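> Return atomic coordinates for the entry below.
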Amino acid sequence: MVDLDFEQVVDMHYGTLYRFAYSLTRNSNEACDLAQETCYIWATKGHQLRDPSKLKAWLFTTLFRQYMSARRHERRFPHEEVSSVAHELPPLPATVVDQLDGDTVMAALSEVDEIYRVPLMLFYLEDLSYKEIAETLGVAIGTVMSRLARGKEKLRERLAVSAQASPARRARVIPLPSS
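Got it, this is the predicted structure:
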């Protein structure tokens, strides 16, 4: 194992890491984030490098892997403007949305049958793909998709019931700011 000073490594390689990241992303903010993430990984795992002559290759490989991981995540969870997918959103009255909070959603989720709750949690809270959920649960991908669709409907029903809760409970919920 090698013991290189963190600050020396950053001083020597940050500029080239940033340039490489910029050539991949073509965005200065993303390039800066990638270079900093690479430095963070070096700070936490760099002690595992045994051959100091491979430092530069290790840093560039780490940066590239971070870049590829981010791209895979973007493909799995693409950013969509709400206005462009509004027709796909479930119909909920505006008053319900104003009164929802994380605790309310988690409480409603805990009331959904386990067969639907587990896939919902794996997909939305743990960011697992359909395939990963299918492998985890030992079921077909189609079954996962079906359980997610049914689970979302059950969750909507539970949230609708929660929205009609007593006034005392609604008073504790902090309304979301309106736009």
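
> pLDDT averaged over stretch 112-131, what's the number?
Mean pLDDT, stretch 112-131: 89.

> Can you list the neighbours in contact with that stretch?
The set of residues external to stretch 112-131 that reach it, using Cβ atoms under 8 Å, 6 or more residues apart in numbering, is 73, 76-77, 109-110, 132-133, 136-137, 141, 144-145, 147-148, 150-152, 154-155, 158. Just so you know, the C-beta spots here come from the backbone N, C-alpha and C atoms, and that holds for glycine as well.

> List buried residues within those residues.
Buried members of the contacts of stretch 112-131, counted by 16 or more other Cβ atoms under 10 Å: 109, 133, 144, 147, 148, 150, 151, 152, 154, 155, 158.

> My read is that residue 4 contacts residue 55, right?
Yes - using Cβ atoms under 8 Å, residue 4 is in contact with residue 55, at 6.8 Å.

> Overlap of the contact sets of these two?
Both residue 4 and residue 55 are contacted by residue 49, under the criterion Cβ under 8 Å, 6+ apart.

> Return the backbone torsion pair for the spatially most central residue of the chain.
Nearest residue to the geometric centre of the chain (Cα atoms, centre = their mean): residue 127, 5.9 Å. Main-chain torsions, residue 127, degrees, to the nearest 10: phi 60, psi 40.

> what separates it from residue 58, distance-wise?
Distance from residue 127 to residue 58, counting by Cβ to Cβ, to the nearest Å: 27 Å.

> ditto for residue 115
Relative to residue 58, and taking Cβ to Cβ, residue 115 is found at 45 Å.

> Would you mind telling me which of the two has more residues around it?
More crowded of residue 115 and residue 58, by other Cβ atoms under 10 Å: residue 58, with 18 against 14.

> how about that one, what does it touch?
46, 49.

> secondary structure element for it?
Applying DSSP states H and E as the criterion places residue 58 in helix 55-76.

> Who are the packing partners of whichever strand or helix holds residue 8?
If you go by DSSP H and E, residue 8 is part of helix 6-25. With contacts defined as 3 or more Cβ pairs under 8 Å, 6 or more residues apart in numbering; DSSP states H and E, helix 6-25 has these neighbours: helix 28-45, helix 55-76.

> Deepest-packed of those, please.
Stretch with highest mean neighbour count among those: helix 28-45 (a mean of 16; mean count of other Cβ atoms under 10 Å).

> contacts for it?
With contact meaning Cβ under 8 Å, 6+ apart, helix 28-45 is reached by 6, 9-10, 14, 17-19, 21-22, 24-25, 59, 62-63, 66-67, 70.
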